[in-house]
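Visitor: got a predicted structure here, sequence first:
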Amino acid sequence: MSDDRTYWVDSMKVITGVSEESDEIPTEFLLAQNYPNPFNPSTSINWQLPVRSQVTLKVYNILGSEIATLVNEEKPAGTYEATWQAANLPSGVYFYRIQAGSFISTRKMLLLK
């Protein structure tokens, strides 16, 4: 049966990869894996704090020498991101370590040029 009418159906869903920001306070400490990994020349490091904490986030080379201090300050509870620029460093394995109160966590990342 044709009635010469045009019907529009809004059923298309598009995934953009953009997440909504949340005002929720995290319930636990977390240090996420950097992204991207491997990376060149920069990478993002995310972490979350359930309570206000003195935060130190540092990067080390494979020999354990400190390469950079990304964060060294008190932060309120929440979710955070730091970007590390490694354009002037050689390819290799690096480690990033967070200390927030009594929470300490270390992860490995790979710089590939």
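Guide: Perfect, thanks for sending it. These numbers were taken from a predicted model, which means no experiment stands behind them.
Visitor: need the contact partners of stretch 87-96.
Guide: 31, 34, 41-42, 45, 57-62, 67, 70, 84, 86, 106-113 (CB atoms under 8 Å, 6 or more residues apart in numbering). Where C-beta positions appear, they are placed from N, C-alpha and C, glycine not excepted.
Visitor: let's see that with 7 Å instead.
Guide: Contacts with stretch 87-96, where a contact means CB atoms under 7 Å, 6 or more residues apart in numbering, come from 34, 41, 45, 57, 59-62, 67, 106-113.
Visitor: stretch 24-35 too?
Guide: Against stretch 24-35 from outside (CB under 7 Å, 6+ apart): 43-50, 77-79, 96, 98, 100, 103, 105, 107, 109.
Visitor: what about 8 Å?
Guide: 43-50, 77-79, 84, 96, 98, 100-101, 103, 105-107, 109.
Visitor: next up, the contacts around the residue most central in space within the chain.
Guide: The centre of the chain sits closest to N46, judged by CA atoms, centre = their mean, with a distance of 2.6 Å. Shown in contact with N46 (CB under 8 Å, 6+ apart): A32, Y35, T79, Y80, E81.
Visitor: contact partners for the last one?
Guide: With contact set as CB under 8 Å, 6+ apart, E81 has these partners: S44, I45, N46.
Visitor: the same query, at a cut-off of 6 Å, please.
Guide: S44, N46 (CB atoms under 6 Å, 6 or more residues apart in numbering).
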